[in-house]
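Chemist: Build me a structure from this.
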Amino acid sequence: MSVILHIETATDLCSVAVSQDSAIIFQTDNLPKEGEKQQVKKGTNHASILGVMVDEALSFTDNHAIPFDAVAVSAGPGSYTGLRIGVSMAKGVAYGRNLKLISAPTLEVQCVPVLLVHDDLPEDALLCPMLDARRMEVYTALYSRALRPTLPVQPMVIDEHSFEQQLNEHPIYFFGNGAEKCKAVIQHPNAHFFDGVPLLAKYMSPLAEKKFLREEFADVAYFEPNYLKEFQATVAKDPLKG
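Modeler: Here you go, the predicted model:
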């Protein structure tokens with residue numbers, strides 16, 4: 001079996017977890033604590049908090065004399081900056097401690113909490129994780145309950161005809177931080193929405209454990225996340241030019 005450090009930075013949420021034999025033994029995240037505002041601030045600076053979280057995880061395992069076997073990291077799609085920070089950290093830990101690197105597809109990770117909680121979904125149900133891109137665009141895919149892809153990962157602009165063919169044949173369950181803005185647009189009776197499905201590092205565990213046992217490792221030197229789209233830098237408007 002294995003001990004794996006999990007790093008998730010694909011969205012505004014930032015989280016780290018440690019699993020031992022698939023059981024979570026440590027976790028930390030930037031979700032609001034009791035008494036705080038109930039939303040994670042946009043533009044959370046992962047660069048300033050991820051290192052602290054990883055240090056806490058490493059200290060926990062070192063203090064308990066638990067040796068790591070691998071590092072798993074969210075592989076995208078998602079925030080360009082967030083993914084870059086997470087993968088850089090994962091590579092650094094893997095290289096520094098001579099650990100295997102595991103890539104966990106972000107949209108598959110997003111499906112894990114739904115499958116854990118909603119074990120009564122219809123057999124023909126399709127899962128549709130959605131990560132917010134901008135305006136009415138999302139990063140999305142369709143999966144069966146066994147996490148077999150039926151629609152590949154892609155950016156998609158959502159309108160009233162989105163998933164029309166699939167909705168005519170299957171119940172589809174939408175969730176993730178991009179699903180909320182689609183509720184008013186996708187009105188098909190087979191469309192269902194789950195609220196409050198956070199994308200957290202601890203949900204990587206079953207996917208990462210499977211890859212570890214199959215020895216499906218990423219190259220520490222050359223692995224790059226699936227950004228889907230190239231980074232687009234913006235230039236601040238000159239107030240003197242209007």
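Chemist: Can you give me the domain boundaries for the protein?
Modeler: Domains of the chain are assigned by automatic domain parsing as 3-106+199-214, 119-193.
Chemist: For the shortest one, the averaged confidence score.
Modeler: If I follow you right, that is domain 119-193. Domain 119-193 shows a mean pLDDT of 96.
Chemist: can you give me the end-to-end distance of it?
Modeler: Counting by Cα to Cα, to the nearest Å, you get 15 Å between the two ends of domain 119-193.
Chemist: same deal with the first one?
Modeler: Start and end residues of domain 3-106+199-214 are separated by 15 Å (Cα to Cα).
Chemist: So for it, mean pLDDT?
Modeler: 92.
Chemist: still on that earlier bit, can you put the domains of the chain in JSON lines and add distance to Y227?
Modeler: To be clear about C-beta, it is placed using only N, CA and C from the backbone, and glycine gets the same treatment. As requested, the domains of the chain are exported to JSON lines (distance: least, Cβ to Cβ, whole Å):
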{"stretch": "domain 3-106+199-214", "distance to Y227": "6"}
{"stretch": "domain 119-193", "distance to Y227": "10"}
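Chemist: any chance of those in a markdown table, with distance to V220 and mean neighbour count too?
Modeler: Below are those laid out as a markdown table (distance: least, Cβ to Cβ, whole Å; neighbours: other Cβ atoms under 10 Å):
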| stretch | distance to V220 | mean neighbour count |
| --- | --- | --- |
| domain 3-106+199-214 | 5 | 19 |
| domain 119-193 | 23 | 17 |
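Chemist: Please verify my assumption that C128 contacts A141.
Modeler: Yes. C128 lies in contact with A141 (Cβ atoms under 8 Å); the separation is 7.5 Å.
Chemist: Does M130 fall in a helix, a strand, or a coil region?
Modeler: Secondary structure, DSSP: H, G, I helix; E, B strand; the rest coil: M130 is strand.
Chemist: Distance of the closest residue in space to it that isn't next to it in sequence relative to I24?
Modeler: Nearest residue to M130, sequence neighbours excluded (Cβ to Cβ, 6 or more residues apart in numbering): G178, at 3.5 Å. Distance, G178 to I24, by Cβ to Cβ, to the nearest Å: 26 Å.
Chemist: How about Y143?
Modeler: 23 Å.
Chemist: just F60 next, same as before
Modeler: 12 Å.
Chemist: what do you get for H192?
Modeler: For H192 relative to I24 (Cβ to Cβ), the value is 28 Å.
Chemist: hang on, isn't L228 packed against V153?
Modeler: Yes. Counting by Cβ under 8 Å, V153 is a contact partner of L228 at 7.2 Å.
Chemist: Tell me how far stretch 89-102 lies from the chain's centre.
Modeler: With Cα atoms, centre = their mean, to the nearest Å as the basis, stretch 89-102 stands 19 Å off its chain's centre.
Chemist: Need the contact partners of that stretch.
Modeler: Contact with stretch 89-102 is made by 4-5, 7, 9, 50-51, 54, 58, 68-73, 208, 211-212, 216-221, 223, as judged by Cβ atoms under 8 Å, 6 or more residues apart in numbering.
Chemist: Give me the subset of these lying in strands.
Modeler: Residues of the contacts of stretch 89-102 located in strands (DSSP state E): 4-5, 7, 70-73.
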